[in-house]
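# curious how this folds, go ahead:
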Amino acid sequence: MSKPLKTAVLVSGGGTNLQALIDEELAMKSRGEECPYNIALVVSSSAKAFALERAKKADIPAFIASPSLLLGEKAKDATRDEKRFAVSAKVLELCKSYEIEAIVLAGFLTVLGGEILDIYSGKIINLHPALLPKYGGVGMFGHHVHEAVLAAGEKESGITIHLVDAGCDTGTIILQKKVPVMPGDTPETLYARIAPHEHQAMVEGLKLLAARLADK
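Numbers count the residues shown, from 1 in each chain. Modelled structure (predicted):
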């Protein structure tokens, strides 16, 4: 088997999908199996993200790449693009330092842009909590997605793992998992039905990416 894919996980919140990736890597090692990936770096767009604690507990190098940290006083007046390009540049710098081969966006709320998309073209995956191409794009994250799904009267929703390109939620779809939308669902109950599948999809998605890159 080829060497495990050195992977960076980008986070913004609780880090449950990061934990799922860590747990699968540990579980495979405990069974004497070779995990096709290795989580070698965690980068958070927020200093308050609990995901940073998860990384610390797992002895994974973790860094904060928030607009306020990177831009200082200028962050208050910076445009959305100025913020996201500053974050993207910092993520790229860290990935180069740790010789990262692939990137996972696990609830990362900054849309990457600039050079990182060229250097890691075909090597970045994102988890989106809906069935793309529906309900993607700027502003479609978290409860906003589930509210839109319910408002449209959809019969099903789910998760999409896709490659990241220069658009927002527009890259090639790697896998999808579907759940039914039930009568009387709220954004919270719909998310509760989707969430357990997110973790499985995240692990499967990274393994599929590792396999794709190993074949090249």
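# ranges for the strands of the chain?
5-11, 37-44, 62-64, 102-105, 124-128, 156-163, 173-180 (DSSP state E).
# dump these into JSON lines; add distance to residue 202, mean neighbour count and mean pLDDT as well.
For every residue, glycine as well, the C-beta is placed using N, CA and C. Putting the strands of the chain into JSON lines (distance: least, Cβ to Cβ, whole Å; neighbours: other Cβ atoms under 10 Å; pLDDT from 0 to 100) gives the following:
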{"stretch": "strand 5-11", "distance to residue 202": "9", "mean neighbour count": "25", "mean pLDDT": "97"}
{"stretch": "strand 37-44", "distance to residue 202": "11", "mean neighbour count": "23", "mean pLDDT": "98"}
{"stretch": "strand 62-64", "distance to residue 202": "18", "mean neighbour count": "19", "mean pLDDT": "97"}
{"stretch": "strand 102-105", "distance to residue 202": "7", "mean neighbour count": "24", "mean pLDDT": "98"}
{"stretch": "strand 124-128", "distance to residue 202": "6", "mean neighbour count": "23", "mean pLDDT": "95"}
{"stretch": "strand 156-163", "distance to residue 202": "7", "mean neighbour count": "22", "mean pLDDT": "96"}
{"stretch": "strand 173-180", "distance to residue 202": "10", "mean neighbour count": "15", "mean pLDDT": "97"}
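# want to throw these into a markdown table with distance to residue 86?
Shown next, in a markdown table, are the strands of the chain (distance: least, Cβ to Cβ, whole Å):
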| stretch | distance to residue 86 |
| --- | --- |
| strand 5-11 | 14 |
| strand 37-44 | 13 |
| strand 62-64 | 13 |
| strand 102-105 | 17 |
| strand 124-128 | 18 |
| strand 156-163 | 24 |
| strand 173-180 | 28 |
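# which secondary element of the chain has the worst mean pLDDT?
One helix or strand of the chain scores below all others by mean pLDDT, DSSP states H and E: helix 67-71, with a mean of 90.
# now that one: buried residues?
Residues of helix 67-71 classed as buried by neighbour count (16 or more other Cβ atoms under 10 Å): 67, 69, 70, 71.
# which one of those is nearest to residue 195?
residue 67 (27.8 Å; Cβ to Cβ).
# got a list of what the closest one touches?
45, 75, 78, 83, 86, 87 (Cβ atoms under 8 Å, 6 or more residues apart in numbering).
# so what's the fifth one closest to, chain neighbours aside?
Spatial nearest neighbour of residue 86, excluding adjacent residues (Cβ to Cβ, 6 or more residues apart in numbering): residue 70 at 4.5 Å.
# hang on, isn't residue 41 packed against residue 18?
No - counting by Cβ atoms under 8 Å, residue 18 is not a contact partner of residue 41; they are 11.1 Å apart.
# what's the overlap in contacts for those two?
With Cβ under 8 Å, 6+ apart, residue 41 and residue 18 have common neighbours residue 9.
# cheers, nothing more for now.
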